[in-house]
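Visitor: model the following, please.
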Amino acid sequence: MSKVEHNQKLIVAISGASGSVYGITALRLLKHAGVETHLVVSRAAALSLSAETDFSLSDIQGLADVVYKPGDIGATIASGSFRTLGMLVAPCSIKSLSEIATGVTSSLVSRAADVCLKERRRLVLMVRESPLHLGHLRSMAAVTEMGAIVAPPMPALYTRPQTVDEIVTQSVGRVLDLFGIDVDIKRWQGMRGDG
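Guide: Residues are numbered from 1 along each chain as shown. Next up, the predicted model:
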């Protein structure tokens, strides 16, 4: 596994959508890669953690280098002068997506995302919702037009995963590729046909 420069920082947000394990896995992989993580967990995510995982909020916060309260609009990550590689929202709720799409920054999650967009930094949103209605799709189109990348966690079945952890790690590894962060995941090796 290759390491990145020690001074590289990435904002990780965990919003209230189902799938907090994506954010938790991102924090673990980033720690192993030597990337400094700046974490914000939305209020809704803090409530839903216990329904999906055996982790407490303090367990997850312990995986990050710096932790912010969801209402701390004065945090360093709320300013463009604080340099980062960008921001990963994993998972990204439709509420967070909608706030980012409209520029209504009522929380630190949406404010930090807005900062990444205005500074032309990488913003990756692992949107978790299905099925999608037209409003969801329009919000996704809006953030894409602003420069964000919408990357719903889709299983890479060519890796022939045997566990949920393998599926989650592969999805998170692929979004970390978007930041130029190399982690150890299975890569497509091509098909070997007889023609």
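Visitor: and the contacts of the helix or strand hosting Val40?
Guide: Using DSSP states H and E, the element containing Val40 is strand 36-41. Strand 36-41 is contacted by residues 6-14, 23, 27, 30-31, 57, 60-61, 63-70, 72, 75-77, 84, 108-109, 112 when judged by C-beta atoms under 8 Å, 6 or more residues apart in numbering. To be clear about C-beta, it is placed using only N, CA and C from the backbone, and glycine gets the same treatment.
Visitor: where in this structure is pLDDT low?
Guide: In the predicted model of the chain, residues 1-7, 193-195 satisfy pLDDT under 70.
Visitor: tell me where it has helices.
Guide: 20-33, 43-52, 57-61, 94-102, 108-118, 134-146, 164-177 (DSSP state H).
Visitor: so for Val124, which of those sits nearest?
Guide: For Val124, the closest of the helices of the chain is helix 164-177, at 5.2 Å, according to C-beta to C-beta.
Visitor: just the CA atoms of stretch 167-184, as CSV, please.
Guide: The C-alpha trace of stretch 167-184 is given here as CSV (Å, rounded to 0.1, in the frame of the first residue of the first chain):
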residue,chain,number,x,y,z
ILE,A,167,-18.1,-5.2,-0.7
VAL,A,168,-17.8,-2.0,1.5
THR,A,169,-14.0,-1.9,1.3
GLN,A,170,-14.0,-2.2,-2.5
SER,A,171,-16.6,0.6,-2.8
VAL,A,172,-14.6,2.9,-0.4
GLY,A,173,-11.3,2.1,-2.1
ARG,A,174,-12.7,3.1,-5.4
VAL,A,175,-13.9,6.5,-4.1
LEU,A,176,-10.5,7.1,-2.5
ASP,A,177,-9.0,6.6,-5.9
LEU,A,178,-10.8,9.8,-6.9
PHE,A,179,-8.6,11.7,-4.4
GLY,A,180,-5.5,10.0,-5.6
ILE,A,181,-5.2,7.9,-2.5
ASP,A,182,-4.1,4.4,-3.3
VAL,A,183,-5.4,1.6,-1.0
ASP,A,184,-5.2,-2.1,-1.3
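Visitor: coming back round to it: so the strand holding Val40 versus helix 108-118, what angle?
Guide: Strand 36-41 runs at 130 degrees relative to helix 108-118, counting by axes from the mean of the first three to the mean of the last three C-alpha atoms, to 10 degrees.
Visitor: centre of the chain to strand 36-41, how far?
Guide: Averaging C-alpha positions (C-alpha atoms, centre = their mean, to the nearest Å) puts strand 36-41 10 Å from its chain's average.
Visitor: list the strands paired with it, with their directions.
Guide: strand 9-14 (parallel), strand 66-68 (parallel) (DSSP bridges).
Visitor: any idea which of those gets closest to Thr102?
Guide: Closest among the strands paired with strand 36-41, once you apply C-beta to C-beta, is strand 9-14, at 17.1 Å.
Visitor: okay, the angle between that closest one and helix 20-33?
Guide: Angle, strand 9-14 to helix 20-33, by the same axes, to 10 degrees: 160 degrees.
Visitor: report the angle between the axes of strand 9-14 and helix 94-102?
Guide: Here strand 9-14 points in a direction 130 degrees away from that of helix 94-102 (the same axes, to 10 degrees).
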